[in-house]
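S.K.: Dropping a prediction and its sequence here:
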Amino acid sequence: MLQLSYKRNNFPFQYPFSLAKGTKTHQDSLQVCLSFAALKGWGEATAITYHNVTVEDMIKVLEARKMMIERYTFIEPERFWHFLHHLIPAEKFLTSALDIAGWDLFGKMKRQPVYQLLGLNWENVPLTDYTLGIATPEAITARIKAHPFPVYKMKIGSAADLEAVRAARQLTDARIRLDINEAWTLEDARILLPELEALNIELIEQPLHREDISGMQALRALTSIPIIADEACQGEKDLEQVAALYDGINVKLSKCSGLTPAFSLVKAAKAKQLKVMLGCMSEGVVGCTAISHLLPLADYADIDGPLILEDNTFSGMQIKEGYITAPQGTGLGLQAIE
């Protein structure tokens with residue numbers, strides 16, 4: 001019989017983390033544990049204000065459904081995800097945490113890492129970026145000097161942030177990606193895109209609001225920089241529209257409700273010739289290690305939670321100069337830090 005436990009964490013960011021939707025200094029997180037005999041599977045989901053997700057609400061749902069989850073006969077994770085999807089259909093983030101724990105547990109039962117259970121080989125793995133929140137040019141320069149990296153992702157909102165992008169490019173030849181978090185209008189894009197092309201920006205993530213379809217149609221004609229959908233792609237149901245407007249999608253476990261649907265989403269996106277970025281929602285080691293198991297399928301990676309947060313609960317994924325090494329051990333490859 002399964003046993004379910006959980007723990008709340010509040011991880012500090014190394015620097016205040018600012019994006020167009022707000023600023024935070026700490027990341028609230030829920031870690032869950034599914035135990036079977038001596039084996040433990042771990043999962044994680046974070047609290048994200050603009051998704052209306054809090055740890056308190058996830059715990060309430062978890063407590064209300066705890067007995068039903070513990071009575072479930074766990075055989076393999078895909079069936080477990082479908083059980084959760086019907087049990088708590090409105091709870092994508094919590095379902096994701098439990099689904100991740102299910103895969104970790106299953107990998108330990110089968111004595112294999114999750115990526116091998118998914119039929120993947122650890123090859124052609126993209127470098128992850130290091131995220132720089134919105135900040136002054138001076139602050140951006142200091143952070144780049146403190147964290148030399150081959151790829152950076154910069155959060156920007158308005159034209160006022162362009163000076164910080166210029167400062168970054170003057171300092172480094174690294175690849176630079178921009179994440180707008182829906183903050184631009186089409187007119188903003190018309191003004192900013194020519195200079196961003198001159199600054200050799202690798203890609204731009206979610207420049208316009210997800211519902212601005214006509215704006216995105218017009219924006220595509222303005223630039224050759226690849227445009228990646230984030231808020232506009234929550235799951236497979238969005239792929240048809242996204243494929244007509246964007247060059248790729250950012251896949252996040254909490255957003256699409258777990259490793260099980262994420263694996264399916266990545267394959268469906270590839271079938272539509274879309275580029276795939278694997279991203280995170282400021283998860284710590286557990287959540288980021290989980291999505292890293294899909295890296296052999298990815299074109300881009302934004303899995304830097306353990307680099308920008310102070311999380312000393314687990315050791316897991318290892319990042320060396322942007323390269324995420326193959327997970328070690330069975331399941332997700334996590335080791336609890338006592």
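M.R.: Looks like it came in fine.
S.K.: got any ranges where the chain has weak pLDDT?
M.R.: Applying pLDDT under 70 to the chain picks out residues 338.
S.K.: hey, which helix is longest across it?
M.R.: In the chain, with assignment by DSSP state H, the single longest helix is helix 92-110.
S.K.: Please spell out which residues along it are buried.
M.R.: 92-109 (16 or more other C-beta atoms under 10 Å). In short, each C-beta sits where N, CA and C put it, glycine included.
S.K.: going on from that helix, what's the next piece of helix or strand?
M.R.: Next helix or strand after helix 92-110 toward the C-terminus (DSSP states H and E): helix 114-117.
S.K.: immediately after that following helix, which helix or strand?
M.R.: strand 130-132.
S.K.: helices and strands around that next one, which ones?
M.R.: helix 137-146, strand 151-155, helix 305-308 (3 or more C-beta pairs under 8 Å, 6 or more residues apart in numbering; DSSP states H and E).
S.K.: Identify whichever of these lies nearest to D247.
M.R.: For D247, the closest of those is strand 151-155, at 16.1 Å, according to C-beta to C-beta.
S.K.: Starting from that closest one, tell me which strands it pairs with and how they run.
M.R.: Paired with strand 151-155 in the same sheet, following DSSP bridges, are strand 130-132 (parallel), strand 175-179 (parallel).
S.K.: could these go into CSV alongside distance to M58 and mean neighbour count?
M.R.: Shown next, in CSV, are the strands paired with strand 151-155 (distance: least, C-beta to C-beta, whole Å; neighbours: other C-beta atoms under 10 Å):
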stretch, distance to M58, mean neighbour count
strand 130-132, 24, 24
strand 175-179, 25, 22
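S.K.: Can you add distance to L34 and give these back as a markdown table?
M.R.: Putting these into a markdown table (distance: least, C-beta to C-beta, whole Å) gives the following:
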| stretch | distance to L34 |
| --- | --- |
| strand 130-132 | 30 |
| strand 175-179 | 33 |
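S.K.: Looking at the ones you listed, which is nearest to G235?
M.R.: Closest to G235 of the strands paired with strand 151-155, according to C-beta to C-beta: strand 175-179, at 19.9 Å.
S.K.: quick check, distance from the helix or strand just after the closest one to the centre of its chain.
M.R.: Remark: after strand 175-179, the chain's next helix or strand is helix 186-198, criterion DSSP H and E. Remark: helix 186-198 is offset 26 Å from the chain centroid, using C-alpha atoms, centre = their mean, to the nearest Å.
S.K.: For the chain, give the strand that spans the most residues.
M.R.: strand 3-19 (DSSP state E).
S.K.: Now do the buried residues in that one.
M.R.: So, applying 16+ other C-beta under 10 Å, buried residues of strand 3-19: 4, 6, 9, 11, 13, 15, 17-19.
S.K.: do stretch 24-37 as well
M.R.: Result for stretch 24-37 [16+ other C-beta under 10 Å]: buried residues 24, 26-35.
S.K.: and if you look at stretch 34-50?
M.R.: So stretch 34-50, judged by 16+ other C-beta under 10 Å, has buried residues 34-35, 40-48.
S.K.: What of stretch 159-166?
M.R.: The neighbour-count check on stretch 159-166 (16+ other C-beta under 10 Å) flags 161-162, 164-165 as buried.
S.K.: Next: stretch 207-223.
M.R.: Within stretch 207-223, the residues scored as buried using 16+ other C-beta under 10 Å are 207-210, 212, 215-216, 219, 223.
S.K.: swap in stretch 288-304?
M.R.: So, applying 16+ other C-beta under 10 Å, buried residues of stretch 288-304: 288-304.
S.K.: circling back: send the alpha carbons of the longest helix of the chain over as CSV?
M.R.: Once non-C-alpha atoms are left out, helix 92-110 reads as follows in CSV (Å, rounded to 0.1, in the frame of the first residue of the first chain):
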residue,chain,number,x,y,z
LYS,A,92,-2.4,20.4,-12.7
PHE,A,93,0.5,21.5,-10.4
LEU,A,94,-0.4,18.9,-7.6
THR,A,95,-1.0,16.2,-10.2
SER,A,96,2.4,17.0,-11.6
ALA,A,97,4.1,16.6,-8.3
LEU,A,98,2.4,13.3,-7.6
ASP,A,99,3.1,12.0,-11.2
ILE,A,100,6.8,12.9,-10.8
ALA,A,101,6.9,11.0,-7.5
GLY,A,102,5.2,8.0,-9.3
TRP,A,103,7.9,8.0,-12.0
ASP,A,104,10.7,8.2,-9.4
LEU,A,105,9.1,5.3,-7.4
PHE,A,106,8.6,3.2,-10.6
GLY,A,107,12.2,3.7,-11.7
LYS,A,108,13.4,2.5,-8.3
MET,A,109,11.1,-0.5,-8.6
LYS,A,110,12.5,-1.3,-12.0
